[in-house]
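Novice: Got a predicted model here, sequence first, then my questions.
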Amino acid sequence: MRRPVTAVLVALRAAALGALVLLAWNPAVPAPRPGAAGAPPLVLLDASLSMAGHGARWRAALDTARALARGGPIWRFGARVAPFDTLPPGDGDSRLAPALAAAAARGGPVAVVTDGAITDAGDIAPDLLGRARIVVLPRAPFFDGFVAAIDGPRRVAATDTVRLRVSYGTAGGPAPGSRGTLAVTGAGRRLAVRSVALPDSGTLATELSFPAARLPPGWTALAVRLDARGDAEPRDDARLFVLAVSPRPAVVMLAAPPDWDARFLAQTLAEVAGLPVRTFVAAEVGDGRWRDGATLAAVDAGVVAAAVARADLVVAAGAPAAWRRFRPRGAVLVLARGERAGEWYVEPPGPSPLSAGLAGIAWDSLPPATVLADVPGDSAGVAVLTARLGRRGPPRPVVWVASAAGARRAVIAAGGLYRWVFRGGASGVAYRALVAGLVDWLLGEPEAGRGLVAPVVPEAANGLPLEWRWQGRGEPRPVVLRLSSAERDRRDTLRFDAGGRAALWLPPGIYRYAAAGAGAEGAARGVVAVEEYSDEWRWARPALAPHGGRAAERPAALQLRERWWLFAAAAAALVAEWAWRRRAGMP
């Protein structure tokens, strides 16, 4: 009887000590997710416009997704990830990476049903792509001619010539014909036509021009269309381009000679002032030969003088001897050529007519100006901004404004401020705020030509959002936008993120918008367009190949101390040994 009792006690002691050793070691052991084996996969269904294009197999994709899901969840992906619904494909992009990342966080098997034309295939992690089962239902190749992009001025004067650079191309196979026709239409009339050579694949570019006087004043949406024989997909044959026509050039810039400061100032003026800017440049100071800043075509001095006389604001950059002969009737902004080189750090503004619009800028974080010019003293003038050389020494004016006999004049005495735009972020915001404040004051209108909001680009492709930027004073706040088109009127609220950007999803159409301002801030008005065009319409070679994915999900690791029953087993073995010893009368 003694031997069995001893054997039992030894076994209990060994079990207890073994459990304690394992708990002290605490190894990681596989822990398969319960219920993962044999579970229906999460199905990611491509809902981009390519799935509804020429030769697409949307109905087959729906049936395949439902069969794979077996009653489980289905997600749509494209420009965004959304729950499944029965609406036809409508996204203007095919981004799979966000959907795969979200599915991986959820866990379980994943299946993807797509036509293979994924735009971010190179950004997907190989392990995510390898885990998913990929089902590809490709479109058969077809010939497609399309207009890829339009580039041109957004604001022109009625006396200008509109020059549009148009990129066009073909996809899906060689063109049945060697030539096609590009045509520009707007305001109910054909404005320009050109016969162009069609590439076998890829894109080419050409220029279309016409007088701006053929368009009515105000905002107009132009359409550029490519006609090519044998084109199987007509929905990407045309693109829209929104521009504004002003009765006269509201802003004229004279740059003699041109430099980076003048170039960035002209670009920012056009963006924040909401007015057409015409630029004239002179490479040699004093020879009287001027050129158009957009085309570099020679311009007679009389034409320059007439444009200066009609302009509401004249910006003079460079040597004064080149532009002093002209007589502007409106306000003048001088971009002075500096002589004092060094690192001139701009200080926070003092009291001035522009101080309210410059509040809240982190001036200590801005790059220094590289050169500074002397500003003549004037009792009627006010220094808006000052700077110190190396943050030491006496402050010197950087931006100076003055008003006398109803004429307003401003001077930017610093060079190298364009680097604020290069850096972007807070520096770019500071530069835009400075230029906007100067324009508002010089033209004598609060928020002249601007409003609380403006579209980043006035056109958006089908299935993509229109992006808006906040350009009012203070922190961005929700803005109610009224939109009207030939088919419908609607109201939407723009809600901005921390960067002052908002997105608005609209169906294809041309919309006139209005966003009412408050107080001194003016109302924002203009035209935006959502095109029928989308990159998704054209044929593209599949970027994904079908495969079955890995059969099983990698088991998760679980530390042994997380197994509660092991603690219970050790305690039970020790208690059982102690009880057995007491019963047997053993110490």
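Specialist: The structure has been received and is ready for your questions.
Novice: Nearest spatial neighbour of the spatially most central residue of the chain, chain-adjacent residues omitted?
Specialist: Nearest to the centroid of the C-alpha atoms of the chain, with distances taken as Cα atoms, centre = their mean, sits residue 467, at 7.2 Å. In this structure, residue 467 finds its nearest non-sequential neighbour in residue 456, 4.3 Å apart by Cβ to Cβ, 6 or more residues apart in numbering. Bear in mind the C-beta positions are built from the backbone N, C-alpha and C, glycine included.
Novice: What of residue 524?
Specialist: The shortest distance from residue 524 to any non-neighbouring residue, by Cβ to Cβ, 6+ apart, is to residue 451 (2.4 Å).
Novice: one step back: sheet partners, orientation included, of the host helix or strand of the residue nearest to the centre of the chain?
Specialist: Element membership of residue 467, judged by DSSP states H and E, is strand 466-470. Applying DSSP bridges to the sheet, strand 466-470 is found paired with strand 453-455 (antiparallel), strand 501-504 (antiparallel).
Novice: Any buried residues in the one helix or strand residue 570 maps to, and which?
Specialist: Residue 570 belongs to helix 564-583 when assigned by DSSP H and E. With burial defined by 16 or more other Cβ atoms under 10 Å, the residues of helix 564-583 counted as buried are 566, 569, 570, 573, 574, 576, 577.
Novice: In the protein, where's the longest helix?
Specialist: helix 2-25 (DSSP state H).
Novice: and stretch 264-277, average pLDDT?
Specialist: In this model, stretch 264-277 has an average pLDDT of 80.
Novice: now swap in stretch 402-420 and tell me
Specialist: Averaging pLDDT along stretch 402-420 yields 84.
Novice: State the mean pLDDT of the helix holding residue 570.
Specialist: Averaged over helix 564-583, pLDDT sits at 79.
Novice: tell me the angle that helix makes with helix 2-25.
Specialist: In terms of direction (axes from the mean of the first three to the mean of the last three Cα atoms, to 10 degrees), helix 564-583 departs from helix 2-25 by 150 degrees.
Novice: pull the CA atoms of helix 564-583 into CSV?
Specialist: Coordinates of each C-alpha in helix 564-583 appear next as CSV, following Å, rounded to 0.1, in the frame of the first residue of the first chain:
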residue,chain,number,x,y,z
TRP,A,564,-5.8,30.6,-16.6
TRP,A,565,-6.3,26.9,-16.3
LEU,A,566,-2.5,26.3,-15.9
PHE,A,567,-2.5,28.3,-12.6
ALA,A,568,-5.6,26.3,-11.5
ALA,A,569,-3.8,23.0,-12.3
ALA,A,570,-0.7,23.9,-10.3
ALA,A,571,-2.8,24.9,-7.3
ALA,A,572,-5.0,21.8,-7.5
ALA,A,573,-2.0,19.5,-7.7
LEU,A,574,-0.4,21.1,-4.6
VAL,A,575,-3.7,21.0,-2.6
ALA,A,576,-4.3,17.4,-3.6
GLU,A,577,-0.8,16.3,-2.5
TRP,A,578,-1.2,18.1,0.8
ALA,A,579,-4.6,16.5,1.4
TRP,A,580,-3.4,13.0,0.5
ARG,A,581,-0.4,13.3,2.9
ARG,A,582,-2.7,14.4,5.7
ARG,A,583,-5.0,11.4,5.1
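Novice: who does it touch, helix- and strand-wise?
Specialist: If contacts are counted by 3 or more Cβ pairs under 8 Å, 6 or more residues apart in numbering; DSSP states H and E, helix 564-583 sits against helix 2-25.
Novice: Now do the contacts for the residue nearest to the centre of the chain.
Specialist: Residues near residue 467 by Cβ atoms under 8 Å, 6 or more residues apart in numbering: 455, 456, 457, 460, 501, 502, 503, 504.
Novice: Could you rerun that using 7 Å?
Specialist: Going by Cβ atoms under 7 Å, 6 or more residues apart in numbering, residue 467 touches 455, 456, 457, 501, 503.
Novice: Please apply the same query to residue 398.
Specialist: 346, 369, 385, 386, 387, 413, 414.
Novice: Any chance of TSV for these, columns distance to residue 443, secondary structure and neighbour count?
Specialist: What follows is those, written out as TSV (distance: Cβ to Cβ, whole Å; DSSP: H, G, I helix; E, B strand; the rest coil; neighbours: other Cβ atoms under 10 Å):
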residue	distance to residue 443	secondary structure	neighbour count
346	24	strand	24
369	25	strand	27
385	20	strand	24
386	24	strand	20
387	26	strand	23
413	21	coil	26
414	22	strand	25
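Novice: between the residues you listed, which is nearest residue 400?
Specialist: Using Cβ to Cβ, residue 413 comes nearest to residue 400 of the contacts of residue 398, at 6.7 Å.
Novice: Okay, that closest one and residue 335: tell me how far apart.
Specialist: Distance of residue 413 to residue 335, computed by Cβ to Cβ, to the nearest Å: 9 Å.
Novice: quick one: buried residues of the helix or strand where residue 101 lies?
Specialist: Taking DSSP H and E as the definition, one finds residue 101 inside helix 97-106. By 16+ other Cβ under 10 Å, the buried positions in helix 97-106 come out as 97, 99, 100, 103, 104.
Novice: can you check stretch 188-195 too?
Specialist: 191, 192.
Novice: any idea of the mean pLDDT for it?
Specialist: pLDDT averaged over stretch 188-195 gives 95.
Novice: same thing with stretch 74-81?
Specialist: 94.
Novice: can you put the buried residues of helix 564-583 in JSON lines and add distance to residue 169?
Specialist: Shown next, in JSON lines, are these (distance: Cβ to Cβ, whole Å):
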{"residue": "566", "distance to residue 169": "67"}
{"residue": "569", "distance to residue 169": "72"}
{"residue": "570", "distance to residue 169": "73"}
{"residue": "573", "distance to residue 169": "78"}
{"residue": "574", "distance to residue 169": "80"}
{"residue": "576", "distance to residue 169": "82"}
{"residue": "577", "distance to residue 169": "84"}
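Novice: Out of those, which comes closest to residue 203?
Specialist: The closest of the buried residues of helix 564-583, once distances to residue 203 are taken by Cβ to Cβ, is residue 566, at 66.6 Å.
Novice: Report the separation between residue 561 and residue 20.
Specialist: 11 Å.
Novice: Many thanks, we can stop here.
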